[in-house]
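Novice: Build me a structure from this.
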Amino acid sequence: MPTAMCRWAGVVESSLRTYLPMKSAAVVNFSSVPHSVEIREFARPEPGPDDVILAVEAVGVCGSDLHQWTGSHSWKVNYPVVLGHEFGGVIAAKGAAVRGWSEGDRVVSETAAVIDPNSPLTRAGLYNLDPTRRGFGYGVDGAMTRFVRVPARCLHAVPAGLLMEHAALTEPCCVAYNAVIQNARIQPGDRVIVLGPGPIGILCAAMARLAGAEVALVGLERDQRRLETARAYGCDVIVGDATEWAKARDGLGVDGVVDAAGVSAALKTALELVRPAGWIAKVGWGPQPLNFSLDPLVQKNVTLQGSFSHNWPIWERVLALLASGKLDVRPILGGVWALESWHEAFEKMHHGEIVKAVLRPAS
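Specialist: Presented below is the predicted three-dimensional model:
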């Protein structure tokens, strides 16, 4: 490009950044008191040297957003904070040290907004497990607004042809991938039960099916609508007691159980359903005390594996699955709402009318 043209392009880029709106609406969680979430005016952030400013095009509503909304969460929140950690958009501006990305690139972002680069876990690629890690939507401002500041290290390119409202759901898919593929030990032909038909539970069931397992998703009577969604992934669905399904093959139980229920008592059920020498992958959060003996874990020689978050290679694999169509998020997507209609979207998810909602900030 001629020098004069380069100078002109630089002026245009600078002008575009100048004319980005200085303030926009944001969904803000401002207190631990239940239902302390509202639309507030939010100043457009400025990028640090290693950051980009992302113009958010789609942001998923997570169960953790609902927990903060209802005040039922068990993690520390940096109030007030903009909600939203499942998101994608277009790079609107970038810091001086950012390389390999350009304004206009379509991207999604990981959730680990703040990490310690010198942590042994970070150096091992396990920055998701760094105890000092802070994420979007609770530790720093998230993406339920028009513009969000994102470290460039968090970015992944959105494959051509992948709709942004689908790409924005990469994050929960990565949670499921980590729990079921990375941390469990599924083999083709295994029988697996997933407890809890929330978004993560359904996606865990979908991942187990991709790995070649026979899968049953278990819920309660009130979960009927969400349970039906699992049929699109080739899963059996069970309301209530899953003992008969678990013991159908040889009477000993299933090879593995994914606990995505979000209540501690589900672990007791998992121990009853799993076979000796089987495994349990626990991905659901539950602050309640257990109040039961773990002796069956010992007696059955069961492997209990926790699973939290995800890291860079998992994101790349999941994006490839989404782009290829092997993993389809359309069955779980219950609709797309304008940011200002966040309350309706939250309510529909909270009451189990839909599995997953996506918000679209105004342009």
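
Novice: Skip the chain neighbours and tell me the closest residue to residue 294.
Specialist: residue 271 (7.8 Å; C-beta to C-beta, 6 or more residues apart in numbering). For the C-beta atoms, the positions are set from N, CA and C on the backbone; glycine is no exception.

Novice: Same question for residue 350.
Specialist: Per C-beta to C-beta, 6+ apart, closest to residue 350 is residue 66, 5.4 Å.

Novice: repeat for residue 321
Specialist: Nearest to residue 321 is residue 327, by C-beta to C-beta, 6+ apart, at 3.9 Å.

Novice: wait, isn't the one you found in contact with residue 209?
Specialist: No - contact criterion C-beta atoms under 8 Å: residue 327 and residue 209 do not qualify, at 10.0 Å.

Novice: Have a look at the two and say which one is more surrounded.
Specialist: Remark: of residue 327 and residue 209, residue 327 carries more neighbours, 24 against 19, as counted by other C-beta atoms under 10 Å.

Novice: a helix runs through that one, doesn't it?
Specialist: No - counting by DSSP: H, G, I helix; E, B strand; the rest coil, residue 327 is not found in a helix; it is coil.

Novice: Mind pulling up the pLDDT for it?
Specialist: On pLDDT, residue 327 comes in at 98.

Novice: For it, give its distance to residue 205.
Specialist: 12 Å (C-beta to C-beta, to the nearest Å).

Novice: likewise residue 85?
Specialist: Taken as C-beta to C-beta, the span from residue 85 to residue 205 is 22 Å.

Novice: Could you check which of those two is surrounded by more residues?
Specialist: residue 205 (31 against 26).

Novice: Double-check the more buried one against residue 214; I have them as touching.
Specialist: No - using C-beta under 8 Å, residue 205 is not in contact with residue 214, being 10.7 Å away.

Novice: residues shared between the contacts of the two?
Specialist: Here residue 205 and residue 214 have no joint contacts, going by C-beta atoms under 8 Å, 6 or more residues apart in numbering.

Novice: What is the least confident helix or strand in this protein?
Specialist: helix 3-18 (a mean of 38; mean pLDDT, DSSP states H and E).

Novice: Show me what the next helix or strand after that helix is packed up against.
Specialist: Where DSSP states H and E defines the elements, the next helix or strand beyond helix 3-18 is strand 23-29. Judged by 3 or more C-beta pairs under 8 Å, 6 or more residues apart in numbering; DSSP states H and E, strand 23-29 is in contact with strand 37-43, strand 81-82.

Novice: Next secondary structure after the last one?
Specialist: Pointing back at strand 81-82 there. Immediately after strand 81-82, counting by DSSP H and E, sits strand 86-94.

Novice: next structured bit after that next one?
Specialist: Strand 86-94 is succeeded, C-terminally, by strand 106-109 (DSSP H and E).

Novice: quick one: strands adjacent to that following strand?
Specialist: The pairing partners recorded for strand 106-109 under DSSP bridges are strand 86-94 (antiparallel), strand 155-157 (antiparallel).

Novice: out of these, which comes closest to residue 176?
Specialist: For the strands paired with strand 106-109, proximity to residue 176 was assessed by C-beta to C-beta; strand 86-94 is nearest, at 12.5 Å.

Novice: so how far is the closest one from its chain's centroid?
Specialist: Put simply, strand 86-94 sits 17 Å off its chain's centre (C-alpha atoms, centre = their mean, to the nearest Å).

Novice: and what of stretch 258-270?
Specialist: On C-alpha atoms, centre = their mean, the centre of stretch 258-270 falls 19 Å from that of its chain.
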